[in-house]
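S.K.: Test case, fold it:
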Amino acid sequence: MSDPAERSAGRSGARSGTRSGARSVARKLAMQALYRLQLNEAPWQDVLLEFAAEEDMARADREYFDEIVRVIAESRAALDEQLAAWVDRPPAELDPVEHAVLLIGVHELAARPDVPWRVVVNEAVTLARKYGATDAHKFVNAVLDRAARALRPPEH
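M.R.: Alright, predicted model coming up:
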């Protein structure tokens with residue numbers, strides 16, 4: 001199922017719909033991998049291998065998943081420093097699901113200009129709604145909206 005925001009950003013058709021769906025699955029798996037890394041620190045390469053066997057990986061954009069996990073694992077301190085400007089507590093004190101979702105969102109806003117900011121926020125809110133605490137999606141929405149204003153001012 002393709003994302004309405006990506007369609008409205010000029011990406012229509014079966015190919016892009018498949019790609020956006022595959023990216024949604026990649027984000028979900030990346031969120032799970034980053035959650036796992038927060039609870040049990042390990043080399044990111046091991047986590048990529050571990051998640052390669054996940055049932056949903058066949059439907060995921062594997063390259064996008066690998067990129068998200070690798071880049072966030074390698075630059076987590078810098079991403080947390082950025083994130084600290086938009087949250088009301090130290091990132092280390094965030095719920096691990098919310099933290100993982102926000103790391104993905106900040107990474108995409110900062111490093112993936114090919115993904116419209118509204119898609120980044122929508123995908124993050126969807127993950128937070130499904131996997132986070134009761135009102136996690138509201139928190140994620142507010143934080144990423146602030147991040148988008150700072151990281152993508154002409155687009156926001």
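S.K.: Report how many residues lie close to residue 52.
M.R.: Counted by other Cβ atoms under 10 Å, the residues lying close to residue 52 total 12. Every residue, glycine included, has its C-beta placed from N, CA and C.
S.K.: for residue 114, helix, strand, or coil?
M.R.: Taken by DSSP: H, G, I helix; E, B strand; the rest coil, the conformation at residue 114 corresponds to coil.
S.K.: brain fart, residue 105
M.R.: Per three-state DSSP, residue 105 ends up helix.
S.K.: ok, the most centrally placed residue in the chain - contacts?
M.R.: The centroid of the chain falls nearest to residue 104 when counting by Cα atoms, centre = their mean (2.8 Å). With contacts defined as Cβ atoms under 8 Å, 6 or more residues apart in numbering, the neighbours of residue 104 are 27, 30-31, 34, 68, 72, 124, 127.
S.K.: For the residue nearest to residue 107 when sequence neighbours are not counted, list the residues it contacts.
M.R.: Distances taken as Cβ to Cβ, 6 or more residues apart in numbering place residue 72 nearest to residue 107, at 5.5 Å, with adjacent residues excluded. Listed by Cβ under 8 Å, 6+ apart, the contact set of residue 72 reads 30, 34, 79, 103-104, 107.
S.K.: what's next to stretch 138-155, contact-wise?
M.R.: Under the contact criterion Cβ under 8 Å, 6+ apart, stretch 138-155 has outside partners 82-83, 85-87, 98, 101-102, 105-106, 109-110, 113, 116-117, 120-121, 124-125, 127-128, 132, 156.
S.K.: Same question for stretch 120-134.
M.R.: 3, 5, 23-24, 27-28, 31, 95, 97-98, 101-102, 104-105, 108-109, 112, 136-137, 139-141, 144-145, 148.
S.K.: what would the contacts of residue 72 look like in a markdown table with distance to residue 59 and pLDDT?
M.R.: Shown next, in a markdown table, are the contacts of residue 72 (distance: Cβ to Cβ, whole Å; pLDDT from 0 to 100):
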| residue | distance to residue 59 | pLDDT |
| --- | --- | --- |
| 30 | 14 | 98 |
| 34 | 19 | 97 |
| 79 | 26 | 96 |
| 103 | 22 | 98 |
| 104 | 18 | 98 |
| 107 | 21 | 97 |
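S.K.: Perfect, I'm done here.
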